[in-house]
Every structure is written in C-alpha cells, then in structure tokens.
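> what's the 3D shape of this:
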Amino acid sequence: MFACCAFVSGERIHRINAVREITAEAPLREDLGERFDHCDYPDGKVVLIGFPSRHLNHSCDPNAYLHYETDACYVLARRRIAAGEEITIDYNVNISGGTAWPCHCGARRCLGTVLGDFFLLPSEMQSEYRPLLAEWFVRRHAHRLVAP
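So this is what the prediction gives:
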C-alpha cells in the first residue's frame with residue numbers, strides 16, 4: 001500500500017477491510033484464494049483481511065501501526081508519511097507465539113527475521129512500541145509487559 005497523499009503522525013490512513021471471522025464452522029476457503037497469511041488475530045479471533053488491506057507490508061522500522069477500536073481496525077501514521085511512500089507496519093506488534101520467517105525489509109534496524117512474537121523483540125523496540133499495543137493485547141499479556 002502506498003500513500004495517495006501526505007499524512008501526519010497519529011492521522012488515520014485506512015480502515016482495515018476485515019472480510020469475515022474464520023471459525024471451525026466457516027474455515028478458510030483455499031479454493032477461493034483465502035490464505036492464512038491474509039489473516040489478523042485480534043483478541044483471540046482469526047479475521048480474514050481483504051483487498052487492499054492485505055497488501056500492507058512489514059518493516060522493522062514502520063511508518064504506521066494498527067489501532068483497534070471496538071468494531072474496527074485502522075492504520076494510523078506513526079510518523080509523517082509523504083505522498084507516494086509505502087505504508088508499512090511491524091508484524092511483530094500485537095502478536096505472540098506466531099511463526100517466524102526471514103525479513104528483507106531493508107530498514108537500517110532490520111532484525112533479519114519477522115519474529116512473530118512481540119516478546120522476542122529487543123527490549124528497546126518493545127519499549128518503543130508499548131504505547132501502540134492494542135488494549136486487548138495489553139490485557140491478555142499484562143503479566144509479561146514491561147512498564148512503559
């Protein structure tokens with residue numbers, strides 16, 4: 001996803017297109033192109049993300065983050081984003097116990113791996129991201145979080 005105009009820190013960029021919740025009764029339909037890597041995992045749910053939201057890429061130094069509200073999720077600018085700049089988030093935020101895979105984001109502080117777990121991030125990054133964590137993630141993992 002690329003910015004069609006400039007955004008300032010904290011500005012709402014995009015509402016995530018949540019197609020539907022994936023459940024045992026309504027599993028992923030691979031024959032229709034639905035994939036687990038197009039899912040988000042808010043508050044213990046599995047939600048299929050649709051176009052264009054599923055094309056939001058990872059960066060180890062992202063310019064945006066996901067902000068969860070009661071019935072929706074939004075992409076918010078973490079810092080100033082210029083028109084035409086790629087909008088990125090860190091996939092390691094608001095997740096624990098996920099799958100790791102190689103990272104080639106190109107950020108100066110690239111870890112070389114998308115860890116799939118907030119708690120495996122270096123402590124400096126955990127502290128930096130702490131204010132961006134979803135309320136449900138903080139509630140579920142309060143015993144593991146370092147105070148801000």
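> now the strands for this protein?
If DSSP state E is used as the criterion, the strands of the chain fall at 12-15, 18-21, 39-40, 47-49, 57-58, 64-68, 73-77, 88-89, 101-102, 113-114.
> can you lay out those strands as JSON lines showing mean pLDDT?
JSON lines is the format used below for the strands of the chain (pLDDT from 0 to 100):
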{"stretch": "strand 12-15", "mean pLDDT": "96"}
{"stretch": "strand 18-21", "mean pLDDT": "92"}
{"stretch": "strand 39-40", "mean pLDDT": "84"}
{"stretch": "strand 47-49", "mean pLDDT": "89"}
{"stretch": "strand 57-58", "mean pLDDT": "96"}
{"stretch": "strand 64-68", "mean pLDDT": "96"}
{"stretch": "strand 73-77", "mean pLDDT": "97"}
{"stretch": "strand 88-89", "mean pLDDT": "98"}
{"stretch": "strand 101-102", "mean pLDDT": "96"}
{"stretch": "strand 113-114", "mean pLDDT": "97"}
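> nearest to residue 142, of those strands?
The closest approach between residue 142 and any of the strands of the chain, judged by C-beta to C-beta, belongs to strand 64-68 at 16.3 Å. For glycine as for every other residue, the C-beta is placed from the backbone atoms N, C-alpha and C.
> can you list contacts of the helix or strand bottoming out on mean pLDDT in the chain?
Every helix and strand of the chain was ranked by mean pLDDT, DSSP states H and E. The lowest is strand 39-40, at a mean of 84. Strand 39-40 is touched from outside by 16, 18, 22, 28, 46, 47, 48, 49, 66, 73, with contacts defined as C-beta atoms under 8 Å, 6 or more residues apart in numbering.
> do that again at 6 Å, thanks
By C-beta atoms under 6 Å, 6 or more residues apart in numbering, the list of residues contacting strand 39-40 from outside reads 46, 47, 48, 49.
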